[in-house]
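In: 3D, please:
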Amino acid sequence: MSAVDAGNIKKSLSFIAYEKIKDRILNMEISPGSSLTEMWLIEQLGMSRTPIREALYRLQQESFVELAPRKGWFVAEIKLRDIQELFMIREALEGISTRNATHRLSDEQLHHMQHYLASLEASLLKDEAAVSDPGDSLHEMIFACIDNHYVNNIMANYIDRLRQFHIIASRLPGRKLQSYYEHCDIFQALLARDENRAEQAMRQHIQSSMNSILDCIINKTPLYGQSVSVSLSGTL
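Out: Purely as a prediction, here's the structure:
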């Protein structure tokens with residue numbers, strides 16, 4: 001094996017470790033503020049120390065983990081300022097995107113979305129935790145419809161952080177059902193081809209989602225039995 005091949009394998013293992021640890025953090029399988037020991041990660045991932053250590057340093061550069069002197073690695077706490085700033089961006093981009101999608105969505109797309117939303121309410125009322133987030137398909141349909149690579153590129157830069165916040169919101173008791181009704185409001189505005197109402201409904205939904213997350217964190221509301229560590233510093 002050449003030195004180049006060996007280097008590629010090493011990088012590949014490091015990237016695999018990086019992706020696995022990052023996914024666990026973003027999916028809230030490892031809670032913010034939790035300790036991360038290299039030995040625990042070696043056991044969990046079945047990988048050697050070197051790629052795991054390299055992955056941790058990469059995640060540190062992206063602010064997903066922190067290295068505390070004489071204490072070791074920790075999952076970075078969620079900062080209120082991060083939530084507020086990212087949702088400010090999200091509200092603006094998704095509000096504009098929804099406005100632009102109002103007259104671009106086909107009748108067929110709206111028909112499919114109507115049937116999808118209509119099928120969810122009973123399931124949410126029966127067992128909210130077992131139902132996927134009701135709004136994901138609507139957001140995906142809007143972004144696909146506007147076909148704006150600048151907006152998509154900007155959102156892609158923040159998608160990892162937003163995924164973590166999205167999971168926090170979706171695990172709040174009652175939040176999925178509330179989100180469902182908010183998405184029904186957005187859909188009705190799209191169905192009426194009312195761009196002002198559609199944009200406003202989307203902005204209100206984003207604000208509602210942010211407020212639910214902030215309320216959960218500040219009041220330490222359990223997320224189906226899981227608590228969230230947060231830093232209150234640097235709030236807006």
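
In: in the protein, which residue is most central in space?
Out: Nearest to the mean C-alpha position of the chain, by CA atoms, centre = their mean, lies Arg163 at 1.1 Å.

In: distance check, the closest residue to that residue other than its chain neighbours against Leu13.
Out: Among residues not flanking Arg163 along the chain, Leu26 sits closest, at 5.1 Å (CB to CB, 6 or more residues apart in numbering). (C-beta placed from N, C-alpha, C; glycine too.) Between Leu26 and Leu13 the distance, using CB to CB, to the nearest Å, works out to 20 Å.

In: where exactly do the strands run in this protein?
Out: 35-36, 65-68, 72-75, 78-79, 230-231 (DSSP state E).

In: what's the closest of those to His112?
Out: Proximity to His112 (CB to CB) singles out strand 78-79 among the strands of the chain, at 35.3 Å.

In: does the residue nearest to the centre of the chain touch Asp23 like I think?
Out: No. Shown here, Arg163 and Asp23 do not form a contact pair, counting by CB atoms under 8 Å, at 9.5 Å.

In: hang on, the earlier thing: nearest to Ile206, out of the strands of the chain?
Out: With CB to CB as the criterion, Ile206 lies closest to strand 78-79 of the strands of the chain, at 17.6 Å.

In: okay, now the sheet partners of that closest one, with direction.
Out: Note on strand 78-79: by DSSP bridges, its sheet partners are strand 230-231 (parallel).

In: what mean pLDDT does the partner strand get?
Out: Averaged across strand 230-231, pLDDT comes to 50.

In: and Ala3, what pLDDT?
Out: Ala3 is assigned 47 on the pLDDT scale.

In: residue ranges of the helices in the protein, please?
Out: 3-26, 38-45, 49-61, 80-101, 107-118, 121-126, 136-146, 149-170, 175-191, 195-218 (DSSP state H).

In: check contacts around Arg203.
Out: 91, 94-95 (CB atoms under 8 Å, 6 or more residues apart in numbering).

In: if you set the cut-off to 10 Å instead, what comes out?
Out: Residues touching Arg203, when contacts are defined by CB atoms under 10 Å, 6 or more residues apart in numbering, comprise 90-92, 94-96, 98-99, 186.

In: with Leu67 instead?
Out: For Leu67, the set of contacting residues under the criterion of CB under 10 Å, 6+ apart consists of 36, 56-57, 60, 73-74.

In: closest to Ala129 among the residues you listed?
Out: Ala129 has its nearest neighbour among those in Leu36, at 27.0 Å by CB to CB.

In: verify the stated contact: the closest one with Arg53.
Out: No. Contact criterion CB atoms under 10 Å: Leu36 and Arg53 do not qualify, at 11.1 Å.

In: quick check: neighbours shared by those two?
Out: When CB under 10 Å, 6+ apart defines a contact, the residues bordering Leu36 and Arg53 alike are Trp73.

In: could you check how far the closest residue to Asp160 other than its chain neighbours is from Glu62?
Out: Using CB to CB, 6+ apart and skipping residues adjacent in sequence, the residue nearest Asp160 is Leu26, 5.9 Å away. Using CB to CB, Leu26 is found at 11 Å from Glu62.
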